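> Show me how the following folds:
(2 chains)
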Protein chains: 2
Amino acid sequence: MKTVTEPQEANALAAAKPVRVGMLGFGTVGSGAYRMLDLNREAIQRKIGAPVDVVRIGVRDLSKERIADRSLFTDDLQSIVDDPEIEVILELIGGVDPAGDLVERALQGGKHVVTANKELIAKKGAPLIRLASERGLDLHFEAAAGGGIPLIQPLRHQLSGNDVIGMKGILNGTTNVILTRMTQEGVSLEAALLEAQALGYAEADPTADVDGHDAQYKLAILASIAFGKEVRPESVYREGIRQLTAIDIGYADKLGYTIKLLAIVDAVEGEGVLARVHPTLIPKTHPLASVNDVYNALWVRGDFVGDLMFSGRGAGAEATGSAVVGDLIDICRNIRIGGAGNTMPWETTANTRPIEELKTSYYVRLIVQDRPMVLGEIATLFGRRNVSLSAMEMKVIDTKGKRGEIAFLTHLCVERDFRQAIKDLKDSDAVISVENWIRVEE
Amino acid sequence: MKTVTEPQEANALAAAKPVRVGMLGFGTVGSGAYRMLDLNREAIQRKIGAPVDVVRIGVRDLSKERIADRSLFTDDLQSIVDDPEIEVILELIGGVDPAGDLVERALQGGKHVVTANKELIAKKGAPLIRLASERGLDLHFEAAAGGGIPLIQPLRHQLSGNDVIGMKGILNGTTNVILTRMTQEGVSLEAALLEAQALGYAEADPTADVDGHDAQYKLAILASIAFGKEVRPESVYREGIRQLTAIDIGYADKLGYTIKLLAIVDAVEGEGVLARVHPTLIPKTHPLASVNDVYNALWVRGDFVGDLMFSGRGAGAEATGSAVVGDLIDICRNIRIGGAGNTMPWETTANTRPIEELKTSYYVRLIVQDRPMVLGEIATLFGRRNVSLSAMEMKVIDTKGKRGEIAFLTHLCVERDFRQAIKDLKDSDAVISVENWIRVEE
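Model (predicted):
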């Protein structure tokens, strides 16, 4: 809704000292944020009580066409973080280097910072947040996980009275587009990836998304916020979607499940957390199962609040720009009313548990000898490792060669035992090959 | 996850001056909040950097058994808001009187306030928020809409750069329990209400829920926050669920819809908003259609962020207590770091539009003469008022008396025209009775 400012009020606002903002980076997120500040300028000014002026924009390539005035741009990024007139820095470059040094220098110089940089916050968040806290500055990064969906601040504020029991999320839009295509159209991963690249949903080098790094960074950040202790990205178990086939998606469907790349963290006994990113079978009736395409979602369980779910667009210029501008408005209001920064450092590092300790159920697909007793032999091998089977789908795939394909679901078991069972199966005469295995969430 | 405080840190925290809190009311929400503060005491203390002490609790009836120490209780509520030692008041009485005067007095006395009181904030929020803002105090009310789901603060903060285009929500748990029962089991409203009362989901006098007052207050608050202008509760069109029958739910189902009590607000052309609470047909594929039982949800569309949805438990001691404690933690952290209150008053009243200007589609069920040409006569009557029909279900209900029942869906039309068409139908010989009509959202 466009709002019209009354004349005398407009004068009062125009008289208020503008908040001067410097931007680092002007790619997808940067230009999205800039456009939002421009289009919704009046409403934003009313909310802050002063205008927001983007006074400098740092980019690598000065020759590109930009939607902002050419005179704002510079390729000397350091001069922006050192500019004494600038009060807030928006760091929208991405990556650790040089973004990390620039953010640190900005905080050292007394500037508040908004960043959308998940890799930086996941890897170097703890010391940067501590620095901001010591200086009474804000370091906001709502856009670093879940794009436009408010996740980080609600976890830090409205949900902060809860002991978080667990969270599960779809945090990467690119892989969700690919999996949605594979599920709905039965195409291969390669075909779905090519289509996503053609449509601009996946990058030329899709490693960060397809191999789960992006979701790993985001989960590390969300888990750190939710548990109030640093969860290092390298302590988040990570497995991408490259091993997934249309065949597995088909079996999952028959068994009543959808396959999603989930980012999961659970509080475990003995003061620990177990955080992991991997393809996961979830029941079709679970609310996350119907989160498709570029949509992201986070499901949270707290001891008092119970189950919550947040969903929305997890990527894109406009949604991510919305989160950056929301953070910026907060900081500007704080500056205007004279409030101090309110950044909460993580005091300790979380006690993270290895994936071998995970207790979950599994989907496993085997190619087996099509002969009597083979099922009994397989069940016995699983049973010896304390893995019991709960469901099965099978078909003969080669009558001449006498080969069959079987997909099993297991009951809950410990990952260490399950992996041992998989080794045993590979060594068994009954099993020609273990084609795939995927974790299941109920 | 329980956290263990390191000894030297525990000493530092114990040395920090506790934040002293007074509670007004100790019913469902009050005891829920108290229990959360007690159970998660250590983690909350770490987040704030100081202990939170509930030092006085005001109740009407001192003789009741309580989960808190008897010495904390008093029936002199005014003495709590006047106590100079108390920094934060939790108002959890409900209703406008005496809660309104107590909150005002607390703010006048320089105390921050958290309230879960939707009626008070909907009816008297504007002056109270202005008062808090003038005094540099916080007046938080996250629990007033959506129970434990973070809605109000995300709209005020993370989404504040957006022009909100519209919101639709299921904001009342009691009616959602009743409608879920009617839909899933085909029982009557009366039976579903009795069951809900027996299970404690509905009160002995269900008026506030069943007639939509509760949802009306909550929508007035959420719309005021989203649009940054006061939306008065009396300008929210309100219709409860009493007219709903299992027959209508059955026809809706055949047509591909579920019936929910929705709270809807849309930005309309010419700087206005149209806010309304009424039973609504929504497609079964809409994310709100699968929000059942006591769950609440809010779907938000912003110009940059796109579509978001938040869902979770909308009521109950623990979920609502979670929101109250989240607000309290925020205020305590602000007090500790010396931040000022950050309350944004609504500068103006929104230009709200009457329901007659609504443009939507409708479901209508008629009992008609079962004779040739009757359908043509009805379609003609609708057509004269610019209402065209998009779908129909019919059955003969009385072969002797020659009566039939028809359910129609219309295309988009203006409510004023639609109501005129309903009048025309009532006057027509072809129509024996207009049994019901309900708005539809696509």
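
> Not counting sequence-adjacent ones, nearest residue to residue A:314?
Leaving aside its sequence neighbours, residue A:314 sits nearest to residue A:296 (Cβ to Cβ, 6 or more residues apart in numbering or on different chains; 2.7 Å). C-beta here means a position set from N, CA and C on the backbone, and glycine is covered the same way.

> Residue A:126 now?
With sequence-adjacent residues excluded and distances taken as Cβ to Cβ, 6+ apart, residue A:126 is closest to residue A:230, at 4.8 Å.

> residues touching that neighbour, list them.
A:125-126, A:224, A:346, A:348-350 (Cβ atoms under 8 Å, 6 or more residues apart in numbering or on different chains).

> Among those residues, give me the pair with the biggest separation.
Using Cβ to Cβ, these span at most 14.0 Å, a distance reached by A:125 and A:348.

> more neighbours, these two?
Comparing residue A:125 with residue A:348 by neighbour count (other Cβ atoms under 10 Å in any protein chain shown), the higher total belongs to residue A:125, at 26 against 13.

> Tell me the secondary structure at the more buried one.
In the three-state summary, residue A:125 is assigned as helix, counting by DSSP: H, G, I helix; E, B strand; the rest coil.

> got a list of what it touches?
By Cβ under 8 Å, 6+ apart, residue A:125 lies in contact with A:141, A:221, A:224, A:230, A:346.

> could you redo the last one with a cut-off of 7 Å?
A:221, A:224 (Cβ atoms under 7 Å, 6 or more residues apart in numbering or on different chains).

> Lowest-confidence member of the contacts of residue A:230, which is it?
Taken together, the contacts of residue A:230 show their lowest pLDDT at residue A:346, with 82.

> right, and that residue touches residue A:231 too?
No: taking contacts as Cβ atoms under 7 Å, residue A:346 lies outside contact range of residue A:231: 8.7 Å.

> for chain A, longest helix please?
Secondary structure of chain A per DSSP state H: the longest helix is helix A:317-337.

> Would you indicate which residues of it are buried?
Within helix A:317-337, the residues that count as buried by 16 or more other Cβ atoms under 10 Å in any protein chain shown are A:317-335, A:337.

> for stretch A:338-345, same thing?
For stretch A:338-345, by 16+ other Cβ under 10 Å, it's A:339, A:341-345.

> So which of those residues sit within helices?
Short answer: the buried residues of stretch A:338-345 have none in helices (DSSP H).

> of these, closest to residue B:365?
residue A:342 (54.7 Å).

> Double-check that closest one against residue B:339; I have them as touching.
Yes: here residue A:342 reaches residue B:339: they are 6.2 Å apart, a contact under Cβ under 7 Å.

> For residue A:53, list each beta-bridge partner.
Beta-bridge pairing for residue A:53 (DSSP bridges): residue A:20.

> Contacts only, for it.
Contacts of residue A:53 (Cβ under 7 Å, 6+ apart): A:18, A:20-21.

> Most neighbours out of the residues you listed, which is it?
In terms of neighbour count, residue A:21 stands highest of the contacts of residue A:53 at 26 neighbours, by other Cβ under 10 Å.

> Do you know the pLDDT at that residue?
As predicted, residue A:21 sits at a pLDDT of 98.

> thinking it is in contact with residue A:91, fair?
No: with contact defined as Cβ under 7 Å, residue A:21 does not reach residue A:91; the gap is 11.5 Å.

> Please point out which parts of stretch A:225-235 sit buried.
A:225-233, A:235.

> so can I have a markdown table of the residues you listed showing pLDDT?
Below are the buried residues of stretch A:225-235 laid out as a markdown table (pLDDT from 0 to 100):
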| residue | pLDDT |
| --- | --- |
| A:225 | 96 |
| A:226 | 95 |
| A:227 | 93 |
| A:228 | 91 |
| A:229 | 93 |
| A:230 | 96 |
| A:231 | 97 |
| A:232 | 97 |
| A:233 | 97 |
| A:235 | 97 |
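
> Tell me the one among the residues you listed nearest to chain B.
Checking those against chain B with Cβ to the nearest Cβ, the nearest one is residue A:227 at 5.8 Å.

> Helix or strand with the lowest mean pLDDT in chain A?
helix A:7-15 (a mean of 49; mean pLDDT, DSSP states H and E).

> Check which helices and strands the longest helix of chain A is in contact with.
strand A:19-24, helix A:28-39, helix A:41-48, strand A:88-91, strand A:112-115, strand A:139-140 (3 or more Cβ pairs under 7 Å, 6 or more residues apart in numbering or on different chains; DSSP states H and E).

> highest average neighbour count across the ones you listed?
strand A:112-115 (a mean of 29; mean count of other Cβ atoms under 10 Å in any protein chain shown).

> That one near chain B anywhere?
No: Strand A:112-115 stays clear of chain B (Cβ under 7 Å from any Cβ of the partner chain), getting no nearer than 11.5 Å.

> who does that strand pair up with?
strand A:88-91 (parallel), strand A:139-140 (parallel).

> mind putting these in JSON lines, mean pLDDT included?
Shown next, in JSON lines, are these (pLDDT from 0 to 100):
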{"stretch": "strand A:88-91", "mean pLDDT": "98"}
{"stretch": "strand A:139-140", "mean pLDDT": "96"}
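
> Which among the ones you listed is found nearest to residue A:120?
strand A:88-91 (7.7 Å).

> so how far is the closest one off the chain centroid?
21 Å (Cα atoms, centre = their mean, to the nearest Å).

> Drop the exposed ones from the contacts of residue A:230 and show what's left.
Judged by 16+ other Cβ under 10 Å, buried ones among these: A:125-126, A:224, A:346, A:350.

> And those, which is closest to chain B?
Nearest member of the buried ones among the contacts of residue A:230 to chain B, counting by Cβ to the nearest Cβ, is residue A:350, at 8.6 Å.

> tell me the contacts of the closest one?
Contacts of residue A:350 by Cβ under 7 Å, 6+ apart are A:227, A:229-231, A:273.

> what two of those residues have the greatest distance between them?
The span of the contacts of residue A:350, defined through Cβ to Cβ, is set by A:230 and A:273 at 10.8 Å.

> ok, back up a step: what does the pLDDT read for the residue nearest to residue A:314?
98.

> out of everything not next to it in sequence, what's closest to residue A:381?
residue A:424 (4.7 Å).

> Quick check: which element contains the one you found?
For residue A:424, the host element (DSSP states H and E) is helix A:415-427.

> Give the next helix or strand downstream of that helix.
With DSSP H and E, the next secondary element past helix A:415-427 is strand A:431-440.

> Give me the mean pLDDT for stretch A:328-342.
In this model, stretch A:328-342 carries a mean pLDDT of 84.

> Run the chain-centre distance for it.
The answer for stretch A:328-342 is 27 Å, by Cα atoms, centre = their mean.

> next one: stretch A:379-394
The answer for stretch A:379-394 is 34 Å, by Cα atoms, centre = their mean.

> Dump the C-alpha coordinates for that stretch into PDB.
The C-alpha coordinates for stretch A:379-394 follow below in PDB (Å, rounded to 0.1, in the frame of the first residue of the first chain):
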ATOM      1  CA  ALA A 379      16.900 -60.100   6.700                       C
ATOM      2  CA  THR A 380      19.300 -62.200   8.700                       C
ATOM      3  CA  LEU A 381      22.300 -60.000   7.800                       C
ATOM      4  CA  PHE A 382      20.300 -56.900   8.800                       C
ATOM      5  CA  GLY A 383      19.100 -58.600  12.000                       C
ATOM      6  CA  ARG A 384      22.600 -59.400  13.100                       C
ATOM      7  CA  ARG A 385      23.400 -55.700  13.200                       C
ATOM      8  CA  ASN A 386      20.200 -54.800  15.100                       C
ATOM      9  CA  VAL A 387      18.500 -53.500  12.000                       C
ATOM     10  CA  SER A 388      14.900 -54.700  11.500                       C
ATOM     11  CA  LEU A 389      12.900 -54.200   8.300                       C
ATOM     12  CA  SER A 390       9.500 -52.400   8.200                       C
ATOM     13  CA  ALA A 391       8.500 -52.300   4.500                       C
ATOM     14  CA  MET A 392       9.500 -53.700   1.200                       C
ATOM     15  CA  GLU A 393       8.900 -53.300  -2.500                       C
ATOM     16  CA  MET A 394      10.400 -55.700  -5.000                       C
END
